[in-house]
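Visitor: generate a structure from the sequence data that follows.
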Amino acid sequence: MEIETAVQALRDGELVAFPTETVYGLGANAQNPAAVRKIFEAKGRPTSHPVIVHLDSPRFLHRWVREVPETATRLAERFWPGPLTMVMPRAPNVHDVVTGGQDTVAIRVPSHPMAQQLLTAFGGGIAAPSANRYGKLSPTRAEHVREELGDSVKVILDGGECQIGLESTIVSFEGQNVRLLRPGGVTAAQIRQVVGELLVGANLESPRVPGGTPSHYAPTTPMAIVPAGEIDAHAAALSEGGRRVAALAQRLPLKAHKYVTWINAGRRPEQYGHDLYANLRTLDKAGCQQILVQDVPEGEPWDAIRDRLLRAASSVSESDDSGAMAVLP
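Guide: Numbering: from 1, shown residues only. So this is what the prediction gives:
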């Protein structure tokens with residue numbers, strides 16, 4: 001019944017929030033430009049930012065994509081449904097509001113059962129960025145969407161907590177080459193297994209993609225990334241005199257600090273990523289003046305997490321001798 005209500009809302013040009021395995025999406029009928037514009041209004045999102053079109057399977061690709069690179073077909077066979085978004089040449093009928101005025105369109109086939117049910121019942125493409133205010137923390141639970149967007153969303157489908165908790169990996173294509181534009185649940189190593197060589201990071205010719213701005217995914221409270229071994233010292237120094245400080249670390253504090261709200265997010269990247277936005281929301285509501293985040297380790301399992309933290313941070317401490325928070329190339 002919920003799915004039917006959501007499908008009718010989409011057909012009526014309304015907005016529907018729905019769960020995917022990555023984060024909750026704010027969806028509109030991708031073939032209805034007026035409906036897609038409502039997404040930008042609800043989010044406060046610049047119209048130059050493209051949105052991702054979600055499909056239930058690659059069978060409808062020809063409606064959205066002018067030509068599918070051979071490498072894209074191989075990636076689709078391996079990773080769809082799943083947390084991979086592919087940017088390809090758009091079909092002539094795809095509206096500028098979906099593509100941010102570019103000649104490319106971003107497509108994803110999500111694996112979440114409720115997203116699949118919605119897409120199959122709707123029978124078309126659903127344009128959907130994350131269901132939050134522009135530049136803020138992405139929602140991984142239905143209540144996050146309600147808190148942030150409220151009445152601007154006609155239907156909010158509750159599919160529980162998102163399994164991955166970080167936005168999808170985004171790739172684009174340059175001839176036979178594949179370029180990684182945003183790290184996510186599908187890692188660079190997994191993509192290389194399918195396509196061989198992989199270009200990493202945007203260049204001047206790369207299309208604009210969601211989450212590509214230097215500042216994004218940010219809490220309202222100022223957030224700083226500090227070297228792994230220094231988070232206790234930073235927390236102690238900042239909370240002197242009764243200043244309230246929040247800390248997101250990978251271990252328990254060395255000693256209790258009266259004015260510090262501390263979350264131990266653990267050392268497992270999958271769990272850390274799954275909980276990241278929910279943890280940052282908790283710390284954002286803790287009434288603190290600063291959020292400190294312990295620098296995460298080097299290595300590909302942490303790449304997507306590091307990318308989101310760097311975009312969320314208002315400052316990054318330079319004193320780390322390990323260089324662990326180096327910006328992705």
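Visitor: residues touching the nearest residue in space to Leu10 that is not next to it in sequence, list them.
Guide: Using Cβ to Cβ, 6 or more residues apart in numbering and skipping residues adjacent in sequence, the residue nearest Leu10 is Asn29, 5.0 Å away. The way it works is simple: take the backbone N, C-alpha and C, and place the C-beta from them, glycine included. Applying Cβ atoms under 8 Å, 6 or more residues apart in numbering to Asn29 gives the contacts Leu10, Arg11, Gly13, Ala35, Val36, Phe122, Gly124, Gly125, Ile126, Ala127.
Visitor: counting neighbours, what do you get for Lys154?
Guide: Neighbourhood size, Lys154 [other Cβ atoms under 10 Å]: 18.
Visitor: for it, which non-adjacent residue is closest in space?
Guide: Closest to Lys154 by Cβ to Cβ, 6+ apart is Glu14, at 3.7 Å.
Visitor: the one you found in helix, strand or coil?
Guide: coil (DSSP: H, G, I helix; E, B strand; the rest coil).
Visitor: ramachandran coordinates for it?
Guide: Glu14 has phi and psi values of phi -100, psi 170 when expressed as degrees, to the nearest 10.
Visitor: pretty sure it sits against Ser152.
Guide: No: using Cβ atoms under 8 Å, Glu14 makes no contact with Ser152, being 9.8 Å away.
Visitor: show me where the protein has its helices.
Guide: 2-11, 33-43, 61-64, 70-79, 96-99, 113-122, 142-149, 188-195, 231-238, 269-284, 303-312 (DSSP state H).
Visitor: which parts of the second one are buried?
Guide: Within helix 33-43, the residues that count as buried by 16 or more other Cβ atoms under 10 Å are Ala35, Val36, Lys38, Ile39, Phe40, Ala42, Lys43.
Visitor: for the stretch 151-300 of the chain, what spans make up the strands?
Guide: 155-156, 169-174, 177-182, 199-200, 223-226, 245-249, 260-264, 290-294 (DSSP state E, counting those that start in this stretch).
Visitor: so Val155 sits right up against Val16, yeah?
Guide: Yes: Val155 lies in contact with Val16 (Cβ under 8 Å); the separation is 4.6 Å.
Visitor: if you drop the residues flanking it in sequence, what lies closest to Ile126?
Guide: Gly27 (4.2 Å).
Visitor: ok, now how distant is the one you found from Asp12?
Guide: 13 Å (Cβ to Cβ, to the nearest Å).
Visitor: neighbour-wise, which of these two wins?
Guide: Each of Gly27 and Asp12 has its neighbours counted (other Cβ under 10 Å); Gly27 has more, 34 against 11.
Visitor: OK, contacts around that one?
Guide: Residues in contact with Gly27, defined by Cβ under 8 Å, 6+ apart, are Leu10, Leu15, Val16, Ala17, Phe18, Ile39, His54, Leu118, Ile126, Ala127, Ala128.
Visitor: farthest pair within those residues?
Guide: Ile39 and Leu118 (15.7 Å; Cβ to Cβ).
Visitor: picking up where we left off before, which one of the contacts of Gly27 sits in the busiest neighbourhood?
Guide: Highest neighbour count within those: Phe18, with 30 neighbours (other Cβ under 10 Å).
Visitor: touching, that residue and Ala28? I think so.
Guide: No: at 11.2 Å, Phe18 and Ala28 do not qualify as touching, with contact defined as Cβ under 8 Å.
Visitor: now do the shared contacts for these two.
Guide: Here Phe18 and Ala28 have Ile126, Ala128 as joint contacts, going by Cβ under 8 Å, 6+ apart.
Visitor: the residue nearest to Met88 when sequence neighbours are not counted: neighbour count?
Guide: Nearest residue to Met88, sequence neighbours excluded (Cβ to Cβ, 6+ apart): Val65, at 4.6 Å. Neighbour count of Val65, defined by other Cβ under 10 Å: 22.
Visitor: pull the contacting residues for the closest residue to Gly135 other than its chain neighbours.
Guide: Counting by Cβ to Cβ, 6+ apart, His216 is the residue found nearest to Gly135 once chain neighbours are left out, at 5.5 Å. Counting by Cβ under 8 Å, 6+ apart, His216 makes contact with Gly135, Arg308, Arg311, Ala312.
Visitor: hang on, the earlier thing: Glu14 and Ser152: which has the busier surroundings?
Guide: Glu14 (19 against 16).
Visitor: could you tell me the model confidence score at that one?
Guide: pLDDT recorded at Glu14 is 98.
Visitor: all set, thanks.
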